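Chemist: structural data only, the sequence is not supplied:
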């Protein structure tokens, strides 16, 4: 028995309380995953010790055979999961078992709705880990001693508001987790039931998972025996592995409840030798939008686990990918610093990146509906790719999907290849517009001439889109052109007669343009006749060399100072309202109307005004003059 030296009571972090409540009340339909999670954690602890022992063999002492052990005590109503791995210090116990030290946790909990089915899926995306013990246990006791340490500690909780912590004596390093089962979970006291779960979820673990070895009468224990095959799944031939085995392995490696969307298992030989088993999930991981968090895949060297989050092996824009890579060339004591600048690492990264992009390209070609499912979940992250990965920019661009003026809803998306296929013969650019929302993009006045001529325009409305288009300048030798920037040049899409009409309109409207310039002063960069509008009186556009509206908003949202952009004011001389304003002899009244047109155009482009109260007052005054 352990001797108590010191006892303390601590309160759980608020997020832990929420997670424990959800564990107990939302995951009743899939209770058995508690064993998968705890055995996986125990195996990781053994793997970590094996890796540390490469540089400090004294950590293994006289206990070099690493294992995970699972046993049940029917009389006591308990299950014990033990390992002789790395163990934990007192501080590590408080950090790992008393808090959820993950950035983005608050965002995760904000998504929870109270719907048990939906919330259980979210928990799966979050990664249930140690706290899954409370799905089946009314109390959990953890006894642990860190490798190389002489002190040990016991952690105890009923899964409510607090936990107890006390110093104990523990002869060997490692961790013992004792679960006192709830009355509705006694099925897990059956050793055959436990063995079937271990075989189902943990057969691939290289650390032996042992259970009591019984005599012929199945009563007396005669030592321990491994119940997992111990053969790493990724080392087997693909032809020997069933889809169900791939799917179950994914759930273990990704801590996910759902099956993966697709996967790829490859062995690469040649200059570099490595094996990769990579998965694309169906659902987004809970921390997908936290770029600063570690989003790597597992790295093994010759089947020895090295690290969980080898970010050097997968670019950030593919951070949703789960799986592992096993190198035959890297040294066993490889560090993150070595990984950072290493030929082998670069070859593995390039290979894994191309493999994922190839998988997605094939999916898009073979199953548009399934690819759309992927795009709805991960498309905004993939849009980071063209800026980060110039070598694969065109491949990534081919995977992008956009709303367009040729589609009826924001949900209907078009690829760049499909856009190019239906371009008129004389069109030589890919036209697009970026706005705050799909509706703002769809209804922007700058699209009027494009609709009239039947020219398709891509409608971009996500925050990242302006950043995307600042790096994606062309696709298949077709340059991108914003419809709200610079002079509008439709090239050969405008016939000679139309161009002549434009020139005549500009000559005939010279005096009114000068009058608009005098009325608006330094509020605008210049005033000119528009060729974009057919139904609206005026619009504003950005000069080709100035910062776009959406980029300015993006920088402002990031807290950066942004120089004020002066817009070009374009006027439609064919519009009845413009003609009436130009006909006014009263310069003061003309000036008021010119400012109203500018504010209206600014509102349509930016979605807001610097002084909306002044705009309303001016508009009210002019409307009263009309009555």
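Modeler: Thanks, I have the structure now. Model, not experiment: these values are computed from the prediction.

Chemist: could you pull out the helices in the stretch 351-500 of the chain for me?
Modeler: Under the criterion DSSP state H, counting those that start in this stretch, helices of the stretch 351-500 of the chain are mapped to 368-382, 385-388, 393-399, 416-421, 438-442, 448-453, 465-471, 496-508.

Chemist: the stretch 151-300 of the chain now?
Modeler: Using DSSP H, counting those that start in this stretch, helices in the stretch 151-300 of the chain cover 191-202, 243-254.

Chemist: could those go into CSV alongside mean neighbour count, distance to residue 41 and mean pLDDT?
Modeler: C-beta here means a position set from N, CA and C on the backbone, and glycine is covered the same way. Listed next are those as CSV, based on neighbours: other C-beta atoms under 10 Å; distance: least, C-beta to C-beta, whole Å; pLDDT from 0 to 100:
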stretch, mean neighbour count, distance to residue 41, mean pLDDT
helix 191-202, 17, 11, 89
helix 243-254, 18, 11, 88
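
Chemist: residue 12 is nearest to which of those?
Modeler: helix 243-254 (25.9 Å; C-beta to C-beta).

Chemist: could the helices of the stretch 151-300 of the chain go into JSON lines alongside distance to residue 433?
Modeler: JSON lines is the format used below for the helices of the stretch 151-300 of the chain (distance: least, C-beta to C-beta, whole Å):
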{"stretch": "helix 191-202", "distance to residue 433": "49"}
{"stretch": "helix 243-254", "distance to residue 433": "38"}
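
Chemist: backbone phi and psi for residue 584, please?
Modeler: phi -70, psi 130 (degrees, to the nearest 10).

Chemist: low-confidence stretches in the stretch 451-600 of the chain?
Modeler: By pLDDT under 70, the low-scoring segments of the stretch 451-600 of the chain are 491-497.

Chemist: which parts of it are strands?
Modeler: Assigned by DSSP state E, counting those that start in this stretch, the strands in the stretch 451-600 of the chain fall at 458-460, 474-475, 478-482, 526-529, 538-541, 568-571.

Chemist: just how off-centre is the last one within its chain?
Modeler: Which is strand 568-571. 40 Å (C-alpha atoms, centre = their mean, to the nearest Å).

Chemist: and the first one, by the same measure?
Modeler: Using C-alpha atoms, centre = their mean, the distance from the centre of strand 458-460 to the centre of the chain it belongs to is 22 Å.

Chemist: mind listing what it pairs with, with the direction of each?
Modeler: strand 403-404 (antiparallel), strand 430-434 (parallel) (DSSP bridges).

Chemist: okay, those in JSON lines with mean pLDDT, distance to residue 11 and mean neighbour count next?
Modeler: JSON lines is the format used below for those (pLDDT from 0 to 100; distance: least, C-beta to C-beta, whole Å; neighbours: other C-beta atoms under 10 Å):
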{"stretch": "strand 403-404", "mean pLDDT": "95", "distance to residue 11": "48", "mean neighbour count": "22"}
{"stretch": "strand 430-434", "mean pLDDT": "94", "distance to residue 11": "48", "mean neighbour count": "24"}
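
Chemist: adding mean neighbour count and distance to residue 435, write the strands of the stretch 451-600 of the chain out as CSV.
Modeler: CSV is the format used below for the strands of the stretch 451-600 of the chain (neighbours: other C-beta atoms under 10 Å; distance: least, C-beta to C-beta, whole Å):
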stretch, mean neighbour count, distance to residue 435
strand 458-460, 25, 7
strand 474-475, 16, 21
strand 478-482, 16, 11
strand 526-529, 18, 22
strand 538-541, 25, 13
strand 568-571, 24, 17
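
Chemist: out of the ones you listed, flag the one nearest residue 237.
Modeler: Once these are compared by C-beta to C-beta, strand 474-475 is nearest, at 39.5 Å.

Chemist: for that closest one, packing partners?
Modeler: helix 393-399 (3 or more C-beta pairs under 8 Å, 6 or more residues apart in numbering; DSSP states H and E).

Chemist: about what we covered before: quick one: which of the helices of the stretch 351-500 of the chain is nearest residue 554?
Modeler: helix 465-471 (5.7 Å).

Chemist: quick check, distance from the closest one to the centre of its chain.
Modeler: Put simply, helix 465-471 sits 18 Å off its chain's centre (C-alpha atoms, centre = their mean).

Chemist: so which elements touch that helix?
Modeler: Helix 465-471 is packed against helix 385-388, strand 430-434, strand 458-460, helix 549-557, with contacts defined by 3+ C-beta pairs under 8 Å, 6+ apart.

Chemist: what comes up buried for that helix?
Modeler: Neighbour-count burial for helix 465-471 flags 465, 466, 467, 468, 469, 470 (criterion: 16 or more other C-beta atoms under 10 Å).

Chemist: and what of stretch 181-192?
Modeler: 181, 182, 185, 188, 189, 191.

Chemist: try stretch 81-93
Modeler: For stretch 81-93, a neighbour-count test (16+ other C-beta under 10 Å) marks 81, 82, 83, 84, 85, 86, 87, 88, 89, 90, 93 as buried.

Chemist: now do the SS call for the second one.
Modeler: What it means is residue 82. Secondary structure for residue 82, judged by DSSP: H, G, I helix; E, B strand; the rest coil, is strand.

Chemist: tell me how the protein divides into domains.
Modeler: 6-229, 234-374, 417-483, 498-626 (automatic domain parsing).

Chemist: which one of those domains lies nearest to residue 410?
Modeler: domain 417-483 (4.1 Å).

Chemist: now residue 264: how far from residue 300?
Modeler: Per C-beta to C-beta, to the nearest Å, residue 264 is found 17 Å from residue 300.

Chemist: wait, I meant residue 246
Modeler: Distance from residue 246 to residue 300, by C-beta to C-beta: 17 Å.

Chemist: thinking again about what came up before, could you dump the helices and strands packed on helix 465-471 to TSV with distance to residue 288?
Modeler: Shown next, in TSV, are the helices and strands packed on helix 465-471 (distance: least, C-beta to C-beta, whole Å):
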stretch	distance to residue 288
helix 385-388	15
strand 430-434	23
strand 458-460	20
helix 549-557	19
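
Chemist: of these, which is nearest residue 130?
Modeler: Taking the helices and strands packed on helix 465-471 one by one with C-beta to C-beta, helix 385-388 is closest: 34.1 Å.

Chemist: so what does the closest one touch, helix or strand wise?
Modeler: Helices and strands touching helix 385-388, by 3+ C-beta pairs under 8 Å, 6+ apart, are helix 393-399, helix 465-471.
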